[in-house]
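Participant: Provided below are the primary sequence and the corresponding predicted coordinates.
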Amino acid sequence: MAYDPQNIFAKILRGELPCTKVYEDELTLAFMDVMPQADGHTLVIPKESAEGILDISPGSLDAAIRVTQCVARAVKQAMQVPGILIAQTNGAAAGQSVPHLHFHVIPRKPGEPLLMHATTLADPERLKQFAARITAALAQAS
C-alpha cells in the first residue's frame, strides 16, 4: 500500500494541524495523544513518510527508537508511574488507526484501567500541563 500523505500525522508534520509538542529534532516529533489511553500518553513519530515499521529506512527507525526511549524515561519520571507501555502496530488489521509509523508511550500504574484507544478527546489544557511536565523531564535528562 502506498503512503497516504493526507494522514493526520503527515498534516501535523507539515504544520497543517496543531499538536501539543513534547520534543522535536530533524528526524522525529513527539507530541501528546489527543485521545489518550492514560494521562501522559505521548506519541513519537518519524518525520520520514512511512506507513509502518516495514516501510521505513533504518536510519529513521533508529532515530525514532532512540527518541521513544528518551521520551519513555521522561514520561515515567514526569507522570510518576512505575511502568511504561510502548505500543506500535502495523496495518489496520493490527489496530493501526493512523497510517504513519508511530510509537505510543503510555504511563501505567497497577490497577489503573487502560482507556480504549482513540475514543475520547482529552482536554487541551490538561494535555499542555502533561506536555510541560514531560518536556521538563526531558530537559533534566539532557
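Facilitator: Ah, there it is. Residues are numbered from 1 along each chain as shown.

Participant: Point out where this structure drops to low pLDDT.
Facilitator: Filtered on pLDDT under 70, the chain yields the residue ranges 1.

Participant: centroid residue for it?
Facilitator: By Cα atoms, centre = their mean, the mean C-alpha position of the chain lies nearest to L43, the distance being 0.4 Å.

Participant: longest helix anywhere in this protein?
Facilitator: Criterion DSSP state H: the longest helix present in the chain is helix 58-79.

Participant: Tell me which other helices or strands that helix touches.
Facilitator: Packing partners of helix 58-79 (3 or more Cβ pairs under 8 Å, 6 or more residues apart in numbering; DSSP states H and E): strand 21-24, strand 28-32, strand 42-46, strand 83-87, strand 103-108, helix 124-141. All C-beta atoms are positioned from the backbone trio N, CA, C, and that covers glycine.

Participant: which of these sits most buried?
Facilitator: Compared across the helices and strands packed on helix 58-79, strand 42-46 shows the largest average neighbour count, a mean of 26 (mean count of other Cβ atoms under 10 Å).

Participant: picking up where we left off before, from memory the residue nearest to the centre of the chain sits against M35, does it?
Facilitator: No. Taking Cβ atoms under 8 Å as the definition, L43 is not a contact partner of M35, at 10.4 Å.

Participant: if we can go back for a sec, and the angle for the longest helix of the chain with strand 28-32?
Facilitator: Helix 58-79 runs at 30 degrees relative to strand 28-32, counting by axes from the mean of the first three to the mean of the last three Cα atoms, to 10 degrees.

Participant: That concludes my questions; thank you for your assistance.
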